[in-house]
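K.L.:
Could you work out the structure for the sequence below:
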Amino acid sequence: MTAPPIAPDRSGHREGRDGFAQVLHAEWTKFRTVRGWVTGTIAAALLVVLFALLAGISSDQEGAPPVPTGPGGEPVTDSFYFLHRPLTGDGAVTVSVSALTSSIPTGPGELRPGTVPWAKAGLIIKDGTRQGSPYAAIMVTGGHGVRMQDGYVHDTAGLPGPVSAASPRWLRLERAGDTITGHASVDGARWTTVGAVRVRGLGPTAQAGPFVASPPSVHGMSTRGTVSTAVFGDLRARGRWDGGGWTGTQIGPGSPTSAGYPQNTSGSVTASGGRLTVTGAGDIAPAVRETLPTGGTVGEILTGTFAALVAVIVVGALFITTEYRTNLIHLTLAAAPRRVRVLMAKAIVLGAVTFVTGSLLAQVVGDPHWQRLLQRIGPASAGLGVTAGWAAAALVAAALLLRIRDA
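P.N.:
Purely as a prediction, here's the structure:
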């Protein structure tokens, strides 16, 4: 008797033909056919848009001063007290600084002496008094010695140490065309060149003279406005100086509070015995959070990403645990016995869906509004932040799936 032929086992061939692509397709089919998961993903994208709209509404302050932009188009802080005269063409200005003291608020209307490391007092040549205009400056600081700065982002170290009546510093700023050179001295006779920079955009007539700035100090999780006072002497000018006398001007917002002064203080200059005592607040530097309107940072515009992450994590957890709860996991593992392969397919599906949803829905709906908002506070890329946020969501979801793969 002849045995009937035995059909060959084609399971290996079928597994190779189906492979990971079939598993991936099956997981995508599961995801798109469950309305709750699709709705949750769309809701996550809408959270990003909603929070961005709320941030935009809160930042749209009627009558608030615009954030100045520097020569490179970046948002900057440009607020200080300026004692200036117009300088036409080439020239120089020299001054000595014999004191730089700072006061920090301890309560409403109460100040105490303190150290503000980046309090600044020195000389500046600036293209007018408009905020954000090109400049170069040499200065003494509260805790970083003599510095020369330009363009809001460039800084060169000079002589170390603080200033005092017993240890003054002499500063000199020279203009030759577009080149500004800063010098420092400990005795007014022997000079050290701190730096020479080319300031593009400096007009034929610039404003130059002493200045004082005092940035906010850190207080716990927030900052408080500070005020600093410097004593200048031996103020001398060389070149073609117009205007007849020195003029004190607050650069930046006219309101003392908006300009960074503590309560009941403001910028001022007094002359006595050949010396000038100048008080000022504010800073000349790249913009920081405290100088931007409410909701004015890219991070705040994208705050909804964190809420969206929660929604994506919930969808990711349900995407895998629902099969265990309903015992459908047995069918899944019967079709694809390798559990890690199934979990990786789920992670890829969830990551791709959240990435595409965030990039397309969130950006298409929110980008026009974000770009208008960001143009008011300075150049930035909202799209890059959204993409990064959704990529993070995909990674978190994938990590969650792999963590519970043995559930």
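
K.L.:
can you give me the strands for the stretch 1-150 of the chain?
P.N.:
Using DSSP state E, counting those that start in this stretch, the strands of the stretch 1-150 of the chain run over residues 76-78, 80-107, 110-114, 120-126, 135-141, 146-150.

K.L.:
what sits up against the fifth one?
P.N.:
Residues external to strand 135-141 that are found in contact with it (Cβ atoms under 8 Å, 6 or more residues apart in numbering): 97, 100, 117-127, 146-151, 158, 162-163, 169, 171-173, 180, 182-184, 194, 197, 199, 211, 230, 284. Backbone N, C-alpha and C define where each C-beta goes, glycine included.

K.L.:
who does it pair up with?
P.N.:
In the sheet, strand 135-141 lines up against strand 120-126 (antiparallel), strand 146-150 (antiparallel) (DSSP bridges).

K.L.:
Give me the residues contacting the shortest one.
P.N.:
Under the contact criterion Cβ under 8 Å, 6+ apart, strand 146-150 has outside partners 120, 134-141, 155-160, 169, 171, 180, 182, 184, 194-195, 197, 199, 284.

K.L.:
Can you say which of those residues are buried?
P.N.:
Neighbour-count burial (16 or more other Cβ atoms under 10 Å) is assigned, among the contacts of strand 146-150, to 120, 134-141, 158-159, 169, 171, 180, 182, 184, 194-195, 197, 199, 284.

K.L.:
Could you work out the end-to-end span of stretch 170-187 for me?
P.N.:
Using Cα to Cα, to the nearest Å, one end of stretch 170-187 lies 7 Å from the other.

K.L.:
For that stretch, could you pull out the residues that count as buried?
P.N.:
Within stretch 170-187, the residues that qualify as buried are 170-175, 180-186, counting by 16+ other Cβ under 10 Å.

K.L.:
I'd like the average pLDDT over it.
P.N.:
For stretch 170-187, mean pLDDT is 97.

K.L.:
ditto for stretch 306-323
P.N.:
Over the span of stretch 306-323, the pLDDT mean works out to 80.

K.L.:
ok, now stretch 247-267?
P.N.:
81.

K.L.:
likewise stretch 102-114?
P.N.:
In this model, stretch 102-114 has a mean pLDDT of 84.

K.L.:
now do stretch 233-240
P.N.:
What stretch 233-240 shows for mean pLDDT is 95.

K.L.:
tell me how far it is from the chain's mean position?
P.N.:
38 Å (Cα atoms, centre = their mean, to the nearest Å).

K.L.:
before we move on, back to that, can you add distance to Trp241 and give the strands of the stretch 1-150 of the chain back as a markdown table?
P.N.:
Compiled in a markdown table, these are given as follows (distance: least, Cβ to Cβ, whole Å):
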| stretch | distance to Trp241 |
| --- | --- |
| strand 76-78 | 23 |
| strand 80-107 | 5 |
| strand 110-114 | 35 |
| strand 120-126 | 12 |
| strand 135-141 | 17 |
| strand 146-150 | 21 |
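
K.L.:
Please name whichever of those strands is nearest to Ala335.
P.N.:
Among the strands of the stretch 1-150 of the chain, the nearest to Ala335 by Cβ to Cβ is strand 76-78 (60.4 Å).

K.L.:
and that closest one, what other elements does it pack with?
P.N.:
strand 284-286 (3 or more Cβ pairs under 8 Å, 6 or more residues apart in numbering; DSSP states H and E).

K.L.:
who touches the strand it packs on?
P.N.:
70, 74-80, 118, 120, 124, 135, 137, 149, 152-153, 213, 215.

K.L.:
mind running it again at 7 Å?
P.N.:
Residues from elsewhere that reach strand 284-286 (Cβ atoms under 7 Å, 6 or more residues apart in numbering): 74, 76-78, 80, 137, 149, 152-153, 213.

K.L.:
in its sheet, what does it sit against?
P.N.:
strand 76-78 (antiparallel).

K.L.:
So for the partner strand, mean pLDDT?
P.N.:
90.

K.L.:
Could you tell me how far it lies from the centre of the chain?
P.N.:
Strand 76-78 sits 12 Å away from the centroid of its parent chain (Cα atoms, centre = their mean).

K.L.:
Okay, now the unreliable bits of the protein?
P.N.:
By pLDDT under 70, the weakly predicted segments of the chain are 1-18, 52-65, 109, 219-222, 254-258, 289-303, 358-407.

K.L.:
From the centroid of it, which residue is nearest?
P.N.:
Val288 (5.7 Å; Cα atoms, centre = their mean).

K.L.:
ok, that one - contacts?
P.N.:
Thr77.

K.L.:
Could you measure from it over to Thr223?
P.N.:
For Val288, the distance to Thr223 (Cβ to Cβ, to the nearest Å) stands at 9 Å.

K.L.:
again with Ile125
P.N.:
29 Å.

K.L.:
Next, the angle strand 80-107 makes with whatever helix or strand Thr270 lives in.
P.N.:
Taking DSSP states H and E as the definition, Thr270 sits inside strand 268-272. Put simply, strand 268-272 runs at 100 degrees to strand 80-107, going by axes from the mean of the first three to the mean of the last three Cα atoms, to 10 degrees.

K.L.:
That concludes my questions; thank you for your assistance.
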